[in-house]
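1. fold the stuff below for me.
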Amino acid sequence: MRLIAIDLLAEGMAVAKPVMHDSGRILLAPGVSLTDRMIERLKAQSIGQVWVEAEGPDEGRLSAEAAKKMERALERRFADVCHDPLMQQIQKIVRKRIWARAGSETCQ
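-> From the prediction side, this is the model:
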């Protein structure tokens, strides 16, 4: 299983994990074989990457733009629990991991 940037997806790749919209809605289920039209629709939904069935490690690096989008999504997802110290700690860890994958130890 590999995490692939949306621009590197190709028709015929099989989805390995559910592709979720920021709202929590499932856009694609595991096992679905991607078509060019599906990939374009994912781009239109601002999906940045997809887990696909493949050998080897995920691609690892995130662009600064993708990291910023992920950080905005993280802020939205944690908005309702912002006063919970444990949730703040989890959010901080996830934010640090996002920016580490973008090649920076701290957010931009």
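2. for I4, list each beta-bridge partner.
-> Counting by DSSP bridges, I4 is bridged to V50.
3. could you report the neighbour count for it?
-> The criterion is other Cβ atoms under 10 Å. On that basis, I4 has 17 neighbouring residues. Glycine gets a C-beta too; all of them are placed from N, C-alpha and C.
4. measure it to E53 for me?
-> Using Cβ to Cβ, to the nearest Å, I4 is found at 11 Å from E53.
5. need the overlap of contacts for the two.
-> M13 (Cβ atoms under 8 Å, 6 or more residues apart in numbering).
6. count of neighbours near Q45?
-> Neighbour tally, Q45, other Cβ under 10 Å: 14.
7. thought it was touching L28?
-> No. Applying Cβ atoms under 8 Å, one finds Q45 not in contact with L28, separated by 10.3 Å.
8. where are the low-confidence patches of the protein?
-> For the chain, residues meeting the criterion pLDDT under 70 lie at 55-60, 105-108.
9. before I go, just wanted to say thanks for your time.
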